[in-house]
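**Student:** Structure for the following, please:
(2 chains)
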Number of protein chains: 2
Amino acid sequence: MSLMQGSVSKITVRDVRFPTSLEHHGSDAMHGEVDYSAVYVIVETDADDQITGHGLTFSLGRGNNILAKAAEVISGQITGCRIADIFGNFGVFWRKVTQEGQLRWLGPEKGVVHMAAAGIFNALWDLWAKRAKKPVWKLLADMTPTEIVNLVDFSYITDVLTKEEALKILEENKPTQGEREEQLRSGGFPAYTTSIAWLGYSDETLVQKCREALDEGWTKFKMKVGVDVADDRRRSKLIRDQIGWENQLMMDANQRWDVNDAIEWMKQLAEFRPVWIEEPTSPDDVLGHAAIAKALEPFNIGVATGEQCQNRVIFKQLLQAKALKFVQIDSCRVGSINENIAILLMAKKFNVPVCPHAGGVGLCELVQHIAMFDFLCISATTDGRVCEYVDHLHEHFVYPVDMRKNSYMPPKDPGYSCEMKRNSLEEYEFPNGRVWTKLISDGKFKL
Amino acid sequence: MSLMQGSVSKITVRDVRFPTSLEHHGSDAMHGEVDYSAVYVIVETDADDQITGHGLTFSLGRGNNILAKAAEVISGQITGCRIADIFGNFGVFWRKVTQEGQLRWLGPEKGVVHMAAAGIFNALWDLWAKRAKKPVWKLLADMTPTEIVNLVDFSYITDVLTKEEALKILEENKPTQGEREEQLRSGGFPAYTTSIAWLGYSDETLVQKCREALDEGWTKFKMKVGVDVADDRRRSKLIRDQIGWENQLMMDANQRWDVNDAIEWMKQLAEFRPVWIEEPTSPDDVLGHAAIAKALEPFNIGVATGEQCQNRVIFKQLLQAKALKFVQIDSCRVGSINENIAILLMAKKFNVPVCPHAGGVGLCELVQHIAMFDFLCISATTDGRVCEYVDHLHEHFVYPVDMRKNSYMPPKDPGYSCEMKRNSLEEYEFPNGRVWTKLISDGKFKL
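**Tutor:** Residues are numbered from 1 along each chain as shown, chains lettered A, B, ... in the order given. The predicted structure is shown next:
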């Protein structure tokens, strides 16, 4: 059967939410109580193979229905398209969808419409990989450099990276790719954990989570900061007392500060030797991040950001302005794998490591593929690279991540690993799934 | 009766669209056929005065229902709020809404959720001004400097503008405000016209539109460019032949180019002496605009942008990077008047003129108030300032703009001037209003 058979016959969009706020998971300096949620997308075709593509985009609860509405509207452009016209020139198709003449006014390429598009493109990637009977990372790794650059829309970034330069990067890495694939299959891709130190946790929970994580073999840890500097110092000490000074500690402010506040605050946390300060200020503030990066360089604190950076144009500028030491791509914020490849290539050109954002629901499952592809075909190293891991909600997935100690092991199942269990989809559908009906009738949740 | 009486009792959101694509109005290099649309918001209170606030946010047709859904979700935070808690500290309330802990993930402060919030805040401003029995520009102009700075959320911009600096700007202008108000009432605020040269127009239409505009007294004209340079040169010559060299010509590429393309293209149009090139590239590309601005400076072409700049953080950087000579604020893209005041103040600090974007549906009605307030209280001059005007769809408004020759005359009616006629709302409601039902049944429009 041809990979390119048939047309898209139907796209289903579902609003799925998990009541994580009840347990204070996911709380940080800007997002007090959140319910990790997904707009879940299923792409069906009229081909004989019965293969469907499953994708998602992520949110924090309220507004998941706005994302769902956007996914429905964008789906209208894709339903009926021939699969050959989608994957045959995926970069061009991606641009057609993200630059649609009326919808682009609502972005362009940012916020709700771009995140919704990511959910749909994630489902298309799942479909393609399942048809090819490969996990997405392997589908990508087996492509030729030319096939890979054709996945990407280079518009608005040619002043720093042309298609020709991208091709050259990919070609240079091809001869040694096999060795890296062996390394990946045996050792996996390095990870760090964020599960130890959400802001909503008590000191007891925090200490307990540190100990559990150390027992599991973790060596890199991230904590949330930014509400109260004295409290941050106390919690930093508590964590360093547990994890010691050999292990790595990262800090995350979730955009809490203005530029000068970020600099002053981090000087007061420098003694705890954080590897990076993540999201010190608005994700839109390229020049602000550059100022913070410059001021914190003497303290050996790098700036990291990306999970809320809207598209490749913002990443391009962050790199141009030397505003970050760690590029944190996200699988659902920008336009799926297609746009993330552009970002990986630019990071390579500027020699800045990519350390993906994950967590939420399904983000670990998705982004691991991109991190592994980066290692195999673009960065060609794991030095200084580390992918976020949060131990949460994996039980809802048919092909959950396979963690060994502090590493992601490469997925073996075909697809993009974000297919949810049918039962989970039904129980957590909002607001009429069983879990939500009960929470609402018990008065634990107000519509 | 107190201005602060009562609570918000109900917010109604309507999807209203005009089939402008049938006549090729509004076509440009990136938006082929567009249907100017509005998400129309009505805020009701439980006060005795029966006064309702009417606001809108603007889109190009498809996706207007996404915006409407977002406006409904955001309304959930506002319904039930006491009016005193809204207007009593409007800057704080604005921040509470735009930084809501779950919804902010969908922005933050950008795209669909921010544009929807703008629609609601526009309605709140209309309500406030109607209660005060003043047009919005006069409501603002009569506030004290302290009252004005309290409308603004300064977060993420204090590295270039503090509340104290803002206060100083406003206080310095207060003594001479009366003279400017007289000048405004007699002469209005200067405007330019974009109605002459949409890309979809034939040469005959173009020539005819130029002649009509000259007859009406226009002296400043904007044309669309960016699809074909030879065609742009031909059309530029055609327009210069009509309007001569004393009148001003502006050019607008609607984000068509990459950075280097923009520079090369505009060199080929320099001989037609455009005052500015508008939206040469992605609205997110601060450093790109800065590169273009630097390259085009020897040709005396300024860079203008803003109608798709998502928030004050992007404007802050455009100003920091010397990336533009004209700041084009929009009344529906950023968070209404509250956020536009922050942008006006930053533009004043950097000494860059604000030349608002208008057109669409209702944008002229809205933005004129901001331009006039800027003149009275912030910029204190009309030198180099000019507000866009498009002669289109004004007939649907209860208090349409009052143009005298090439100037906006200050609105006299209470409110924010964007209340639509009841009949227009009903006829153009999408998809069940009379106009759309007929277009659909005649096969001129496909759902």
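**Student:** So A:Thr98 is in contact with A:Pro108, correct?
**Tutor:** Yes. Between A:Thr98 and A:Pro108 there is a contact under Cβ atoms under 8 Å: 7.4 Å. Bear in mind the C-beta positions are built from the backbone N, C-alpha and C, glycine included.
**Student:** ok, which stretches of the stretch 101-250 of chain A are helices?
**Tutor:** Taking DSSP state H, counting those that start in this stretch to define them, one finds helices in the stretch 101-250 of chain A at A:111-131, A:136-141, A:145-149, A:163-173, A:177-187, A:203-216, A:229-243.
**Student:** OK, contacts around the one residue in the stretch 301-447 of chain A that gets nearest to chain B?
**Tutor:** At 4.3 Å from chain B, A:Val313 is the closest residue in the stretch 301-447 of chain A, using Cβ to the nearest Cβ. A:Val313 makes contact with A:Glu109, A:Tyr156, A:Ile157, B:Ser282, B:Asp284, B:Asp285, B:Gly288, according to Cβ atoms under 8 Å, 6 or more residues apart in numbering or on different chains.
**Student:** Now name the helix or strand holding it.
**Tutor:** In this assignment (DSSP states H and E), A:Val313 forms part of helix A:312-320.
**Student:** List the buried residues in that helix.
**Tutor:** A:Arg312, A:Val313, A:Ile314, A:Phe315, A:Lys316, A:Gln317, A:Leu318, A:Leu319, A:Gln320 (16 or more other Cβ atoms under 10 Å in any protein chain shown).
**Student:** Return the residues in contact with the first one.
**Tutor:** With contact set as Cβ under 8 Å, 6+ apart, A:Arg312 has these partners: A:Tyr156, A:Ile157, A:Val334, A:Glu339, A:Ala342, A:Ile343, A:Met346.
**Student:** Kindly provide the distance from the closest residue to the second one other than its chain neighbours to A:Thr158.
**Tutor:** When the adjacent residues along the chain are set aside, A:Ile157 lies closest to A:Lys316, with 5.1 Å between them (Cβ to Cβ, 6 or more residues apart in numbering or on different chains). As defined by Cβ to Cβ, to the nearest Å, A:Lys316 lies at a distance of 10 Å from A:Thr158.
**Student:** before we move on, what about A:Leu214?
**Tutor:** 47 Å.
**Student:** before we move on, what about A:Cys309?
**Tutor:** For A:Cys309 relative to A:Thr158 (Cβ to Cβ), the value is 19 Å.
**Student:** of those two, who's got more company?
**Tutor:** Neighbour comparison, A:Cys309 and A:Thr158: the larger count goes to A:Cys309, with 28 against 16 (by other Cβ atoms under 10 Å in any protein chain shown).
**Student:** Of all the residues in chain A, which one is nearest chain B?
**Tutor:** Closest point on chain A to chain B, by Cβ to the nearest Cβ, is A:Gly111, at 2.3 Å.
**Student:** In this structure that residue contacts A:Cys309, no?
**Tutor:** No. If you go by Cβ under 8 Å, A:Gly111 and A:Cys309 don't touch, sitting 11.8 Å apart.
**Student:** got any residues that touch both of these two?
**Tutor:** Contacts common to A:Gly111 and A:Cys309, judged by Cβ under 8 Å, 6+ apart, are absent.
**Student:** packing partners for the lowest-mean-pLDDT helix or strand in chain A?
**Tutor:** In chain A, the helix or strand scored least confidently by mean pLDDT, DSSP states H and E is strand A:189-197, which has a mean of 89. Under the contact criterion of 3 or more Cβ pairs under 8 Å, 6 or more residues apart in numbering or on different chains; DSSP states H and E, strand A:189-197 touches helix A:203-216, strand A:220-224, helix A:229-243, strand A:248-252, helix A:363-373, strand A:387-389, strand A:407-409.
**Student:** Need the mean per-residue confidence for the helix holding A:Val313.
**Tutor:** Mean pLDDT, computed over helix A:312-320, is 98.
**Student:** shouldn't A:Lys444 be in contact with A:Leu22?
**Tutor:** Yes. Contact criterion Cβ under 8 Å: A:Lys444 and A:Leu22 qualify, at 7.0 Å.
**Student:** now chain A, which segments are flagged as low pLDDT?
**Tutor:** For chain A, applying pLDDT under 70 flags the ranges A:1, A:24-26.
**Student:** Pick out the residue nearest the middle of it.
**Tutor:** A:Asp330 (2.5 Å; Cα atoms, centre = their mean).
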